[in-house]
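1. give me a model of this one.
(4 chains)
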Number of protein chains: 2
Amino acid sequence: MAAQRDQGHNGDQPPATVADAPAREVTARDVPAARERARAIPEAAVARLAVYLRVLSAMGEDGVTTISSEELAAAAGVNSAKLRKDLSYIGSYGTRGVGYDVDVLISEIERILGLTRKHSVAVVGIGNLGHALANYGGFPSRGFPVAALFDVDSDLMGVPVGGIPVEHIEDIESICREREVTIGVIATPPSVAQDVCDRLVSGGVQCILNFAPVVLGVPDHVEVRKVDLAVEMQILSFHVARRADEAQAEVTVDGTRPGVGEAVVGR
Amino acid sequence: MAAQRDQGHNGDQPPATVADAPAREVTARDVPAARERARAIPEAAVARLAVYLRVLSAMGEDGVTTISSEELAAAAGVNSAKLRKDLSYIGSYGTRGVGYDVDVLISEIERILGLTRKHSVAVVGIGNLGHALANYGGFPSRGFPVAALFDVDSDLMGVPVGGIPVEHIEDIESICREREVTIGVIATPPSVAQDVCDRLVSGGVQCILNFAPVVLGVPDHVEVRKVDLAVEMQILSFHVARRADEAQAEVTVDGTRPGVGEAVVGR
DNA sequence: ACGACTTTGTGCCTGCGTTCACAAGCGGCT
DNA sequence: AGCCGCTTGTGAACGCAGGCACAAAGTCGT
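-> Below you'll find the model as predicted:
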């Protein structure tokens, strides 16, 4: 049991419950609890739901039909109480004494995540990363068909990448509108990221996944998620440094070896 | 006010103050050396420090020598109070009435993030994504030299990618040890990710950036950060769906009829 | 040299998210 | 059918992170 520890730390950006809007009074207790309505699902829980979905899909393919919160939690690398609470946000689909029906859970999570609709994706910036993204099988296989590719390089125009021809950045707006692209992926150099972002927004794109290391300005109705590889590395670097410090301190303080053993705490 | 809004929502994984380690007993280990050493910088703050560093570097190159918390906060897309608090975690390096010295701040953040030491990186899995990562200029330029590349495909052996020859996965352990790799990047298919991870750990790698959609099991002394593109997309998808729901609900809004159910919302 | 202005650093408060612990509920066994 | 044991669902407590607002501190102008 090699450590099913806490796993990756991603204390990224803001917390923000899904509920908040601009400055409305909200009063939170409307009552559309009728059937669906994803009310007040914590952002963090949404991220985990996506993970559960992946695990469940894999299990479903292995023929598993029922699973307990304990098992699923272990497979997803989280605490079982947290898992149950996460699932409770989307409704009660478990059977006490038994567990959850894998298929039911999959459908419900997909429904909540909005995966029942197709979300066409446009990738902008067909450099190394853009290339990888355009070819990334994980997108289409999970309901995110790549509908368009864009770049500025005229040598790339019309060249098919992953089966889709590259088009010019100038045409982002019209093409996105035409193909009903809802998600834009920015994999351009930072200098043009904002421009590209604006074009995507003009084209009706509602959500943006930004790989460029810049802070994008967008209207309130557009959602941006940022993935900054350098930042990820620096966070890791911080942890390495912290460990080194700790190890050193440990020696000075009580002479216990840091590395091995989980009985670290003794006492 | 076009919208320099809150920017991306990344309520990813756990919160966890940098202090915690096991998930064991709460008792002991609160007081020990850990506190003294790692000044308990919140994980979220670390992530932001990396962002500040990027902004500051850019400003420094533009000849800016001094900056106020307000300006820096705006450039980094955060609240100025939060920024000041983040900076206070690493010490007091500002001058009241003036602001912060850009160069000083850069050095201090670099020190805290452990960027004074070199962190050699190994990329495993030279597919589309691995290719992109190996060529990614953001790594070496920020103090993360790519020291080794690995894959299983024998056709790739020895082929230089981004100037570095690809080596076989079998040799991960020895090469990582030899070249003192501290950070491993996994860009392989999920099926082999755990195996690769184990090899990296055996090779002395302390931190892993995992792009494979699997939950890795690692010893306690290894740090893992996960970047799952499909999960990112699904989170965006959720927000699209939520927006659609809200828009629809807007019509019914403010009926203020508590009516049935009462819902579970408030407490 | 002194006062007014600017900006930092931080104590406090609020609120979200995580965890604990347990009652309710359901299936299986006798 | 009734009891027993297992697992869910959730109320409650806790802890961390974010935001406000202000006192401390230093600078600039006169």
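2. DNA strand D versus the residue positioned nearest the centre of chain A, what's the distance?
-> Residue closest to the mean C-alpha point of chain A, counted by Cα atoms, centre = their mean, is residue A:47 at 5.7 Å. Using Cβ to the nearest atom of the strand, to the nearest Å, one gets 15 Å for the distance from residue A:47 to DNA strand D. C-beta here means a position set from N, CA and C on the backbone, and glycine is covered the same way.
3. is it true that that residue touches residue B:235?
-> Yes. Checked against Cβ atoms under 8 Å, the pair residue A:47 and residue B:235 is within contact range at 5.8 Å.
4. ok, back up a step: need the phi and psi values for the residue nearest to the centre of chain A.
-> phi -60, psi -40 (degrees, to the nearest 10).
5. are we agreed that residue A:188 is in a strand?
-> No. Residue A:188 sits outside any strand when classified using DSSP: H, G, I helix; E, B strand; the rest coil, being coil.
6. find the nearest non-adjacent residue to it, please.
-> Residue nearest to residue A:188 in three dimensions, not counting chain neighbours: residue A:125, with 3.4 Å by Cβ to Cβ, 6 or more residues apart in numbering or on different chains.
7. please tell me I have it right and that neighbour contacts residue A:149.
-> No. Residue A:125 sits out of contact with residue A:149 when judged by Cβ under 8 Å, with a separation of 9.1 Å.
8. what residues go with each domain of chain A?
-> Using automatic domain parsing, the domains assigned to chain A come out as A:43-112, A:120-227, A:230-260.
9. so which bits of the stretch 51-200 of chain A are right by DNA strand C?
-> A:78, A:79, A:81, A:82, A:84, A:85, A:95, A:96, A:97, A:98 (Cβ under 7 Å from any atom of the strand).
10. who touches the last one in this structure?
-> In this structure, residue A:98 makes contact with A:66, A:68, judged by Cβ atoms under 8 Å, 6 or more residues apart in numbering or on different chains.
11. can we see that at 10 Å?
-> A:66, A:67, A:68 (Cβ atoms under 10 Å, 6 or more residues apart in numbering or on different chains).
12. how about the lengthiest helix in chain A and DNA strand D, touching?
-> The helix spanning the most residues in chain A, taking DSSP state H as the definition, is helix A:229-253. No. Residues of helix A:229-253 are not located near DNA strand D by Cβ under 7 Å from any atom of the strand, the shortest gap being 12.8 Å.
13. in that helix, which residues are buried?
-> Residues of helix A:229-253 classed as buried by neighbour count (16 or more other Cβ atoms under 10 Å in any protein chain shown): A:229-246, A:249-250.
14. ok so, going back, tell me which of the residues of the stretch 51-200 of chain A next to DNA strand C fall in strands.
-> Using DSSP state E, residue A:95 are the members of those that sit in strands.
15. tell me which two of the residues of the stretch 51-200 of chain A next to DNA strand C sit farthest apart.
-> A:78 and A:97 (22.0 Å; Cβ to Cβ).
16. so those two - more neighbours on which side?
-> Between residue A:78 and residue A:97, counted using other Cβ atoms under 10 Å in any protein chain shown, residue A:78 has the larger neighbour count: 21 against 6.
17. top of the contacts of residue A:98 by neighbour count?
-> Result: residue A:67 is most packed of the contacts of residue A:98 (other Cβ under 10 Å), 21 neighbours.
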